[in-house]
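# Only the shape, not the letters, is given here:
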């Protein structure tokens, strides 16, 4: 055993370029985390708004029927269809004889409402539209046209619920939100109201009556029906016209619908109905027209003549004898906070209306890509396994010559002795070079003592000033005596056959590097079990696939082997990125070397034991991978064998390791959205189906690696918790990359739990 020192003890080193940049940018990390959180919050808010607009959030489909009306005055039950509270006293009004107040419910609808408006405009007839607030906010232009055309609008609640079941606060919210939607769409509010599922006044019961009283005190006029076309039943044009015709020349508040389903029969019946009623001498008015005529009659009866009618009332519209082109008695101009809040609501809805469908399309693409990846992994992994495990398969003549094992170590006092102990059992001739990267915990002394106690004479401990892992590996490569170098981490242990298995592919002169099979050693905790599943399924299935496609993106730092000359040819391990393993792997591809995966070369590594350490490690991995891909972006234009990674590997890594994982949280968000707002059981079944596909892939990966299936019991919880964290890490890394941030190397706390490979005593 020899010891080499390449630095002066006690001397403080100058910070590396990456650390200097990290020091300047460290203060920006918190804002980036906040930005990522705000983006997620914005998306969640948009989806909640979209669900609420579609009346699917907290949806209440209850409709009260058959309740007692003992507390409702008989004058109301037997009165006309218009309920007012003038002077604080409940009063009903009827439509005058030979007059029609034509009303429409449930709109606006982008298909049917414009057709209704066109017919009314053609026949110079006004209508009163009771609008659902959620629909108003989605189709504001239709409402604006409706008001400008001289029609009247009323509130039909925001989500079309039976208000008799709702709390006072919910009733207020339904009314206020609809008024805001009207303010944002047409710049007005209204005093008219029609309750969903209402009919004639004799249907008012003890539960709904307090609602009408409360709204009446707030200035609302509640509108009912005395002539129902029942067009929602789609009985045919003739019956719609007949049912909407009042008897004996009486006046009527007629109900039709411009939304809520297929209204093609209504569209056909409406012109025929208008022509029929005009031929019978009827005139058409609005609800406020009826109220104002009643007010005028009251004034005349009390001698209050000569007063002006309310604004917009009192002149005739066209030859049909209907009221003015702008019957705005029920409308109020929205101003101040109401107007601006209304415009903000309409703008937010416009964003939601564009965002949610766009995300839906994107999710279909992501879902297809993810499912395609699973299918490709299964097919290629099976092919890889069968190809490499044939009895006649061989890389060439058995590689028996000695190799150099490089162990970079920085403050690895807990693990370094276990690492050397595992290497002492190697069945392949090796020299071991421990590169102590300026440790302050006595790592080099522990390594020398472990080598002495184990009787290992093939160990060299090389000390250097702290310069980072890439510099330590380069130092080890320069110090290596053999043409094949094996690189491992200071917290990793090898099985006796690991090195022998790892170097066999070098019998093929085209092979420049070999990736081993990294295993999680501390898998008995929840976090460890999650990472174990990820290593077996995510990493090793991927490596089998990439091996066959000849575009392996990463040789794991825990276990990898290289031709020494190839490493020197590409300039060694680079400090340009935080993922030096990915960086050099891509560089090997670009230099024309083949990179393969050796599944039987197993290494046991200590995975992070806390969520904080796991976040730090994966943050560095994700960011470093992006750095490496950007550094080697010119591989996209490389020609020949050196360009294979750019043509195949680069797109696969970008799609499957960056783009789809970044978008994958949306799948879970949409799953939650569907469970809450659409169909709980259908969404749950879809989620379970995807989980089932992933379980199949994981089970197959475990079978190939001969792992125990019991760990797969943790997979559902992994999908709900661990996977979300990995997605957030990737999103955080993307934001850091897009905003020009830099990261420093982050040393993880080790415990030395992984002392002996599984099955080795």
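Received, thanks. Here the structure is a predicted model, which is why all the values come from computation and not from measurement.

# Can you give me every residue that contacts the residue nearest in space to the middle of the chain?
With distances taken as C-alpha atoms, centre = their mean, residue 666 lies nearest the centre of the chain, 2.0 Å away. Contact analysis of residue 666 by C-beta atoms under 8 Å, 6 or more residues apart in numbering lists 43, 359, 362, 363, 366. Bear in mind the C-beta positions are built from the backbone N, C-alpha and C, glycine included.

# Residue 673 versus that one, what's the distance?
The spacing between residue 666 and residue 673, counted by C-beta to C-beta, to the nearest Å, is 10 Å.

# Can you show me the helices along the stretch 501-650 of the chain?
526-533, 541-549, 564-569, 580-590, 611-631, 644, 650-653 (DSSP state H, counting those that start in this stretch).

# Out of those helices, flag the one nearest residue 445.
Nearest to residue 445 among the helices of the stretch 501-650 of the chain is helix 611-631; the distance by C-beta to C-beta comes to 25.8 Å.

# buried ones in that closest one?
By neighbour count on 16 or more other C-beta atoms under 10 Å, the buried set for helix 611-631 is 613-629, 631.

# what does stretch 228-239 give?
228, 229, 231, 232, 237, 239.

# which one of the residues you listed sits closest to residue 547?
For those, the nearest to residue 547 is residue 232 (63.1 Å; C-beta to C-beta).

# Doesn't that closest one lie inside a helix?
Yes. Assessed by DSSP: H, G, I helix; E, B strand; the rest coil, residue 232 belongs to a helix.

# Enumerate every residue touching it.
257, 260, 261.

# Export those as CSV, with columns for pLDDT and neighbour count.
As requested, those are exported to CSV (pLDDT from 0 to 100; neighbours: other C-beta atoms under 10 Å):
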residue, pLDDT, neighbour count
257, 96, 21
260, 89, 16
261, 90, 13
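
# For this structure, which element, helix or strand, carries the lowest mean pLDDT?
Of all the helices and strands that make up the chain, helix 17-25 has the lowest average by mean pLDDT, DSSP states H and E, namely a mean of 43.

# Quickly find the element holding residue 154.
strand 152-155 (DSSP states H and E).

# Surely residue 709 and residue 702 touch.
Yes. With contact defined as C-beta atoms under 8 Å, residue 709 reaches residue 702; the gap is 5.8 Å.

# So for those two, which residue has more residues nearby?
It is residue 702, of residue 709 and residue 702, that has more neighbours when counted by other C-beta atoms under 10 Å, with 19 against 11.

# quick one: contacts of the strand or helix carrying the more buried one?
Residue 702 is part of helix 680-704, with elements assigned from DSSP H and E. Here helix 680-704 makes contact (C-beta under 8 Å, 6+ apart) with 371, 374, 377-378, 381-382, 385, 533, 536-537, 540-541, 544, 599, 667, 671, 674-675, 707-709, 711-712, 715-716, 719.

# What mean pLDDT does whichever helix or strand comes after that helix get?
Once the chain leaves helix 680-704, the next helix or strand it forms, by DSSP H and E, is helix 715-717. For helix 715-717, the mean per-residue pLDDT is 84.

# Tell me the gap between helix 715-717 and the middle of its chain.
Put simply, helix 715-717 sits 19 Å off its chain's centre (C-alpha atoms, centre = their mean, to the nearest Å).
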